[in-house]
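>>> got a structure for you, letters missing:
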């Protein structure tokens, strides 16, 4: 039996939803906002815009296609099938939250409030998203069509008959030496759970092996800690506020603020198979260095951190609750992800 296409509509709770959960009644919520110089009307307007966008997208799902609705908090418990089409209605960050659960499924990022969001990942307005879904339904019903219900050999959705244009966005993945891994679309953070000083040994390769590191005659002993060059790999023992490794999609977020503070740095575009990495507030001391603080990783490059404190955490796209924990002596390897996000752009 051929697989039937399913549209997975992803959303997150609005500010109004959260306010009503907290204060129970609209009157209490309105009083809370008014005492802070805000109005319930503005919050209601944003809630209505999101609700209307979701309703229009759902109404445009082609006849015969299945549908599932998923709230952001439930993504980790929801299985996205290979033949699914994912429609994200909300902010850019919601697309990033979804990305790590996908394996080549197409994603339509729908902006319910054009002009409010940056639009780096939610590139479609509601009207465009409705048009694309309608067109896909007509294409699927055309006699002789390849048919969206026929899976690709690798199990992923076949877009050949849908007429959609996509951009394949680079992802980043962090691996622990015990087999655990975590993927992200924007960036991966490695550091102390409470953002205190994190101690580790860092080794970087890729284009240039990492900027800022001064070459030497090899790594010093355990007491010395300052790093040098080992072939094309530079190594340094560090104490810092953590390490950020970002893709081109994340170059407009956390990574952008760090690059700007450092006078501007070259950052990859979303489709470049490159990662930009930065060390935050590296502390120079007799035992730790502050030279190897930024660089680029190509598709074959790796950034390796060996933990030299009780515990470091690894999380992606700002979601600290979904994290890996690495203890003393464990190695964390960060590289370009094998999967890419297939973002529908038209």
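Yep, it's here. Model, not experiment: these values are computed from the prediction. Numbering: from 1, shown residues only.
>>> For the chain, give me the ranges with low pLDDT.
1-3, 140-161, 206-232 (pLDDT under 70).
>>> Help me confirm that residue 33 is found in a helix?
Yes. Inclusion of residue 33 in a helix is indicated when DSSP: H, G, I helix; E, B strand; the rest coil is applied.
>>> Could you number the chain from 165 rather than 1 from now on?
Happy to do that; since the first residue is 165 now, the last one works out to residue 197.
>>> Let me see the contact set for the residue nearest to it when sequence neighbours are not counted.
Nearest-residue entry for residue 197: residue 204, 5.6 Å, with adjacent residues in sequence omitted and distances by CB to CB, 6 or more residues apart in numbering. (C-beta placed from N, C-alpha, C; glycine too.) Going by CB atoms under 8 Å, 6 or more residues apart in numbering, residue 204 touches 190, 193-194, 197-198.
>>> Out of the residues you listed, which comes closest to residue 256?
residue 197 (25.2 Å; CB to CB).
>>> So what's the residue count around the closest one?
Other residues within reach of residue 197, judged by other CB atoms under 10 Å, total 18.
>>> ok, now residue 490?
24.
>>> ok, now residue 343?
6.
>>> Point to the residue nearest the middle of this structure.
Among the residues of the chain, residue 349 comes closest to the average C-alpha position under CA atoms, centre = their mean, at 2.7 Å.
>>> That residue against residue 483, yeah?
No. Counting by CB atoms under 8 Å, residue 349 stays clear of residue 483, with 11.1 Å between them.
>>> how much space is there between residue 249 and residue 329?
14 Å (CB to CB, to the nearest Å).
>>> ok, the two, which is more surrounded?
More neighbours surround residue 249 than the other of residue 249 and residue 329, with 26 against 11 (other CB under 10 Å).
>>> part of a strand, is the more buried one?
Yes. Assessed with three-state DSSP, residue 249 lies in a strand.
>>> Give the closest residue to it in space, chain neighbours not counted.
residue 171 (5.1 Å).
>>> repeat for residue 198
Closest to residue 198 by CB to CB, 6+ apart is residue 204, at 7.8 Å.
>>> What segments of the stretch 165-314 of the chain are helices?
179-187, 190-198, 204-223, 256-263, 290-304 (DSSP state H, counting those that start in this stretch).
>>> And the second one, how far out from the chain middle?
Relative to its parent chain, helix 190-198 has a centroid offset of 34 Å by CA atoms, centre = their mean, to the nearest Å.
>>> just to revisit the earlier point, so how far is residue 255 from the residue nearest to residue 197?
21 Å.
>>> and residue 170, what are its bridge partners?
residue 230, residue 248 (DSSP bridges).
>>> so what's it up against?
229-232, 245, 247-249.
>>> make it 7 Å
229-232, 245, 247-248 (CB atoms under 7 Å, 6 or more residues apart in numbering).
>>> All the helices of the stretch 315-464 of the chain, in order from the start?
Using DSSP H, counting those that start in this stretch, helices in the stretch 315-464 of the chain cover 418-425.
>>> how about the strands of it, start to end?
330-333, 336-340, 345-348, 351-355, 362-368, 393-394, 397-404, 407-410, 439-443, 458-461 (DSSP state E, counting those that start in this stretch).
>>> Mean neighbour count and distance to residue 424 added to those, as JSON lines?
Output for the strands of the stretch 315-464 of the chain, formatted as JSON lines (neighbours: other CB atoms under 10 Å; distance: least, CB to CB, whole Å):
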{"stretch": "strand 330-333", "mean neighbour count": "18", "distance to residue 424": "22"}
{"stretch": "strand 336-340", "mean neighbour count": "22", "distance to residue 424": "20"}
{"stretch": "strand 345-348", "mean neighbour count": "20", "distance to residue 424": "21"}
{"stretch": "strand 351-355", "mean neighbour count": "25", "distance to residue 424": "15"}
{"stretch": "strand 362-368", "mean neighbour count": "24", "distance to residue 424": "22"}
{"stretch": "strand 393-394", "mean neighbour count": "16", "distance to residue 424": "29"}
{"stretch": "strand 397-404", "mean neighbour count": "24", "distance to residue 424": "19"}
{"stretch": "strand 407-410", "mean neighbour count": "26", "distance to residue 424": "13"}
{"stretch": "strand 439-443", "mean neighbour count": "27", "distance to residue 424": "11"}
{"stretch": "strand 458-461", "mean neighbour count": "23", "distance to residue 424": "13"}
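>>> okay, those strands in CSV with distance to residue 224 next?
CSV is the format used below for those (distance: least, CB to CB, whole Å):
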stretch, distance to residue 224
strand 330-333, 19
strand 336-340, 33
strand 345-348, 30
strand 351-355, 33
strand 362-368, 47
strand 393-394, 56
strand 397-404, 48
strand 407-410, 34
strand 439-443, 36
strand 458-461, 40
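>>> These: which one's closest to residue 422?
Here strand 439-443 is closest among these (CB to CB), at 4.7 Å.
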